[in-house]
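**Q** A predicted structure for the sequence below; I have some questions about it.
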Amino acid sequence: MEPAIAFRDVSYGIRGKEVLRHFDLEVAAGETLVLLGRSGSGKTTALKMVNALLTPISGDVYVEGKPTREWDPILLRRRIGYVIQEAGLFPHYTVARNVAVVPQLLGWERDRIDARVDDLLSRVGLPPEEFRSRYPRELSGGQRQRVGVARALAAEPSLLLMDEPFGALDPVTRRDLQLEFLALRSTWTKTSLFVTHDVREALALATRIALLHGGRLEIVATPREFLAEKSGEARIFLAALEDLPEA
Amino acid sequence: MPATLAHEIAELTGEHIVLVAVALSIASLIGIPTGISLTRKEAWRGAVLGITNVVQTIPSLALFGFLIPLPFIGGIGKRTAVVALVLYALLPILRNTLTGILGVDPAVVESAVAMGMTDRQRLFRVELPLAAPTILAGVRIAAVTTIGTATIAAAVGGGGLGVFIFRGLASVDSSEILAGAVPAALLALAADGGLGWIERRFARP
C-alpha cells in the first residue's frame, strides 16, 4: 500500500544552518509514528513540511502520493488535523467556534457543524452544554488542549499532525490526555505523526518511533525494538529514562 | 459670558471637530491599510516608518508653513490644515496597526495558517479582531494629539478653536486664549475617554 506520508531525500536549512539532512521516512496509513529527538534535532521541521508550513530545500515530501509542492497548500492543510503545544486556540472565539473553524472554511451546513462540535466535545471529555460557549481563557491548560484535539479532528481528516501537544501540561493531566489519545485512536483509522522529546510518551503512544539526531534520522523502530537498542542516541534517551526513580 | 462669545465658541468648536474628524478619517483610511501591508512586506517597513517618523518631528507651525506654497495640497485654508493634520495622525495609527498585528500570538497565527485559512481569512478573522484594541489605541492617541495640533491650523486659515488663540495672542488677551484652549482641552479629554471606552469594549470578546 502507498504510504500516507513519505519523505524522500529531504533537506532543509535556515540561514545556512542545516536543520534536516537527506531525510527519508515512510509513514504507513493508520500508524502513529512518533518523531523523537532533542531540541533542534529537526523533528518539528519535518512535521511542518507535511502540511506545507515549510517547503524542503531539496527532496520532496509526499502526502497521499503527491508531493506537497504540487498540492494547493490551502486545500492540503484543510485535510490535515494539526495540534500544537499550548493549543493555539483563537482567544476571541468560543470553544464551539474554535472547533468549527475548518468545517466552516469547508462550507459545511450550520446544523452539521453544530452536531459535529457537540459530538467531538463529548468525545474529548468536555460536556458540550457546559463548554460550548466558554472562551479559551476560561479553560485550564488540559481543557484547552482537549479543545485543540477536537479542533484538529473536526473536519474528519485522515491525517493528524501533533507537535508536542501535551508538552506544556502537568504530568498528571499529560498522562490523562495520553490515555485518552490511545482510547480515541482505537476508534479511528487515522494516520498520526507525533513530535515529542519525551521518550516515555514516545514509547507509550507510538506504533513506530523515528529517532532524529542533528537533522538526521538515526533509527526507526517499534517501541519494543527501541527499548532493546544498545547504542547511539537511543541509548542516551533510554538512559535518561532510567536515571529517574520509577513512577 | 456674552451670548455672541458663547455662539462663537460653539461655532468654532464645531469647525474644530469637523477638521479633526476629517483628518482622522483620512489618516485611518491611509494608515490602517498601509500598516496591514507592512506586516506582509518586511522590506518596506523601515523606510515607511522612517518617513512617518521624520514627518512627526517637523514642528507643526513649520509644517503648515511648508505646505502653503505647494499646489493642490497647500495654500491658505482648510485643505492645507487637513493635509498637515493627516500627516501627524498617520504615525500613531500606522505604527499601532503594525505592532498590533505583529503582536498577535505566533501560535495563534500558525494555527490559522495550518488550518487552511487564506491570507485574507487570516487577516479578517484572526489578526484584525485580535489587533483591534491596539489599532484603536493608535487612533485614540492620534485623536488627542490632532485636537491639540489643530489649534495651529488657524495660522493657515483652517479655522477652529485656534482662531481664538491666535486672536488672543495678537491682542494679548488671555481670556480669548482661554476661550480657545479650554474647549480644545475638553474635546481632547472627551475623545480620550470615548475612544478609550470603545477600545475596552473591543478588548473583551
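**A** Ah, there it is.
**Q** Could you use CA atoms for every contact and neighbour count after this?
**A** Fine.
**Q** contacting residues for residue B:203?
**A** B:132, B:133 (CA atoms under 8 Å, 6 or more residues apart in numbering or on different chains).
**Q** Kindly confirm my reading that residue B:74 is in a strand.
**A** No. Residue B:74 is assigned coil when assessed by DSSP: H, G, I helix; E, B strand; the rest coil, not a strand.
**Q** in the lengthiest helix in chain B, what counts as buried?
**A** Secondary structure of chain B read by DSSP state H shows that its longest helix is helix B:3-40. For helix B:3-40, the neighbour count (16 or more other CA atoms under 10 Å in any protein chain shown) marks B:9, B:12-13, B:15-17, B:19-24, B:26-28, B:31-32, B:34-36, B:38-39 as buried.
**Q** ok, now how distant is the spatially most central residue of chain A from residue B:88?
**A** Central residue of chain A (CA atoms, centre = their mean): residue A:162, 1.3 Å from the mean position. Counting by CA to CA, to the nearest Å, the gap from residue A:162 to residue B:88 is 47 Å.
**Q** Repeat that for residue A:85.
**A** Taken as CA to CA, the span from residue A:85 to residue B:88 is 42 Å.
**Q** Would you mind giving both backbone torsions of residue 47?
**A** No chain was given, so I picked chain A. Dihedral pair for residue A:47: phi -60, psi -50, per degrees, to the nearest 10.
**Q** try chain B instead
**A** phi -60, psi -50.
**Q** can you pull the pLDDT of it?
**A** What the model reports as pLDDT for residue B:47 is 89.
**Q** do residue A:96 as well
**A** 96.
**Q** Please apply the same query to the one 4 residues further on.
**A** According to the per-residue confidence, residue A:100 scores 96 in pLDDT.
**Q** Just confirm it contacts residue A:115, I think it does.
**A** No. Checked against CA atoms under 8 Å, the pair residue A:100 and residue A:115 is beyond contact range at 10.3 Å.
**Q** Compare the two (neighbour count), which wins?
**A** residue A:100 (24 against 10; other CA atoms under 10 Å in any protein chain shown).
**Q** If you count surrounding residues, which of residue A:85 and residue B:88 has more?
**A** residue B:88 (26 against 16).
**Q** start to end distance for stretch A:201-209?
**A** With CA to CA, one end of stretch A:201-209 sits 11 Å from the other.
**Q** ugh, wrong one, I meant stretch A:59-68
**A** Terminal residues of stretch A:59-68 are spaced 11 Å apart (CA to CA).
**Q** neighbouring contacts of that stretch?
**A** A:2-11, A:22, A:49-52, A:55, A:69.
**Q** Buried residues, stretch A:233-240. List them.
**A** Quick answer for stretch A:233-240 (16+ other CA under 10 Å): A:233, A:234, A:237, A:238.
**Q** Pull up the gap between residue A:38 and residue A:69, please.
**A** In terms of CA to CA, residue A:38 sits 28 Å off from residue A:69.
**Q** likewise residue A:53?
**A** Counting by CA to CA, the gap from residue A:53 to residue A:69 is 11 Å.
**Q** From residue A:239, how far off is residue A:167?
**A** 20 Å.
**Q** give me the number of residues near residue 197?
**A** Just so you know, I chose chain A. Residues near residue A:197, counting by other CA under 10 Å: 19.
**Q** Actually, chain B is the one I wanted.
**A** 12.
**Q** what about it, which helix or strand?
**A** Following DSSP states H and E, one finds residue B:197 within helix B:174-203.
**Q** Could you do residue B:117 as well?
**A** Assigned by DSSP H and E, residue B:117 belongs to no helix or strand.
**Q** Residue A:178: how many residues sit nearby?
**A** The tally of other residues near residue A:178 (other CA under 10 Å) stands at 17.
**Q** Same check on residue B:47?
**A** The burial count for residue B:47: 10, using other CA under 10 Å.
**Q** Repeat that for residue A:158.
**A** A count of nearby residues for residue A:158, using other CA under 10 Å, gives 17.
**Q** residues touching it, list them.
**A** A:79, A:80, A:189, A:190, A:191.
**Q** out of those, who has the most neighbours?
**A** Neighbour max across those (other CA under 10 Å) = residue A:80, 25 neighbours.
**Q** I'd assumed residue A:161 was in contact with it.
**A** Yes. Counting by CA under 8 Å, residue A:161 is a contact partner of residue A:80 at 7.2 Å.
**Q** Keeping just the C-alphas, turn stretch B:138-147 into CSV.
**A** Coordinates of the C-alpha atoms in stretch B:138-147 are reproduced here as CSV (Å, rounded to 0.1, in the frame of the first residue of the first chain):
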residue,chain,number,x,y,z
GLY,B,138,-3.4,54.3,17.9
VAL,B,139,-6.5,56.2,16.7
ARG,B,140,-7.1,57.5,20.2
ILE,B,141,-3.6,58.8,20.6
ALA,B,142,-3.9,60.4,17.1
ALA,B,143,-7.2,61.9,18.0
VAL,B,144,-5.9,63.5,21.2
THR,B,145,-2.8,65.0,19.6
THR,B,146,-4.7,66.1,16.5
ILE,B,147,-7.2,68.0,18.6
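**Q** Quick check: buried residues in it?
**A** In stretch B:138-147, counting by 16+ other CA under 10 Å, buried: B:138, B:139, B:140, B:141, B:142, B:143, B:144, B:145, B:146, B:147.
**Q** Check which helices and strands the longest helix of chain B sits against.
**A** helix B:42-57, helix B:78-102, helix B:128-149, helix B:174-203 (3 or more CA pairs under 8 Å, 6 or more residues apart in numbering or on different chains; DSSP states H and E).
**Q** Please identify the deepest-packed of these.
**A** helix B:78-102 (a mean of 24; mean count of other CA atoms under 10 Å in any protein chain shown).
**Q** just how off-centre is that one within its chain?
**A** Relative to its chain's centre, helix B:78-102 lies at 5 Å (CA atoms, centre = their mean, to the nearest Å).
**Q** Could you tell me which of the contacts of residue A:158 belong to strands?
**A** Judged by DSSP state E, the contacts of residue A:158 include A:80, A:191 as members of strands.
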